[in-house]
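Participant: kindly return the folded structure for what I paste below:
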Amino acid sequence: MEKIRWCIQTKGGIELVEPNSNLANGYILKAEESLEALRKVKGNRDWTVSTAYYSMYFSLYAILMKIGVRCEMHACTIEFMKKFLSSHFSPTECRFVLDSLQARIDTQYYVDRKVEDKFVNEMIVTAPKFLVKCKEILTKIKESEVNTIRKQISVAK
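Facilitator: Purely as a prediction, here's the structure:
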């Protein structure tokens, strides 16, 4: 809970906004565009990692928009996933998205850090499945769950 509290209290961290289904749909489109880019960059390791990660991130962010949560810090978005969406995502899935964020950072900002081929291949396979799962969550999430999450965020401020 400490990480979540920090994310809620930090500028650019977790912040309540109006729920917005149009923005949620927009982020799903961005996730789909990232998947399309992923198909085109095969063979380029850095771009493969980035586009696979961003497809998952945009898919997840669509759910945040549906709930009415803005967050400019990727690590805090993933903390939100772990804390408030645990009925939809397993700890393994949360860990995978966090590891994918780290892989994206490693390939984007460092030349001396290696991301294992096995993990890159897992990202390629997982990204489209993650998008499908997030689309399902968007259709199934109930207003009562949204209200509960929003109330928990308000209390944690």
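
Participant: strands of this structure, start to end?
Facilitator: 15-16, 69-70 (DSSP state E).

Participant: low-confidence stretches in this structure?
Facilitator: For the chain, the stretches with pLDDT under 70 are 1.

Participant: buried ones in stretch 107-124, by neighbour count?
Facilitator: Buried residues in stretch 107-124, counted by 16 or more other C-beta atoms under 10 Å: 107, 115, 119-120, 122-124. Just so you know, the C-beta spots here come from the backbone N, C-alpha and C atoms, and that holds for glycine as well.

Participant: chain neighbours aside, what residue packs nearest to residue 57?
Facilitator: The shortest distance from residue 57 to any non-neighbouring residue, by C-beta to C-beta, 6 or more residues apart in numbering, is to residue 74 (6.5 Å).

Participant: give the contact list for the nearest residue to residue 20 once chain neighbours are set aside.
Facilitator: Take residue 20 and drop its neighbours on the chain: the residue closest to it by C-beta to C-beta, 6+ apart is residue 65, 5.3 Å away. Taking C-beta atoms under 8 Å, 6 or more residues apart in numbering, we find residue 65 in contact with 19-21, 23-24, 26-27.

Participant: state the distance from the residue located most distally from the centre of the chain to residue 106.
Facilitator: Distance from the C-alpha centroid of the chain, by C-alpha atoms, centre = their mean, peaks at residue 112 (25.8 Å). Plainly put, residue 112 is 9 Å away from residue 106 if you go by C-beta to C-beta, to the nearest Å.

Participant: try residue 95
Facilitator: Taking C-beta to C-beta, one finds residue 95 at 16 Å from residue 106.

Participant: neighbour count: the two, which is higher?
Facilitator: Neighbours per residue, other C-beta atoms under 10 Å: of residue 95 and residue 106, the larger number sits with residue 106, 16 against 13.

Participant: who touches that one in this structure?
Facilitator: Contacts of residue 106 by C-beta under 8 Å, 6+ apart are 113-115.

Participant: mind doing that once more with 10 Å?
Facilitator: Applying C-beta atoms under 10 Å, 6 or more residues apart in numbering, we find residue 106 in contact with 46, 49, 112-115.

Participant: from residue 139, how far out is it?
Facilitator: Applying C-beta to C-beta to residue 106 and residue 139 gives a distance of 34 Å.

Participant: that'll do, ta.
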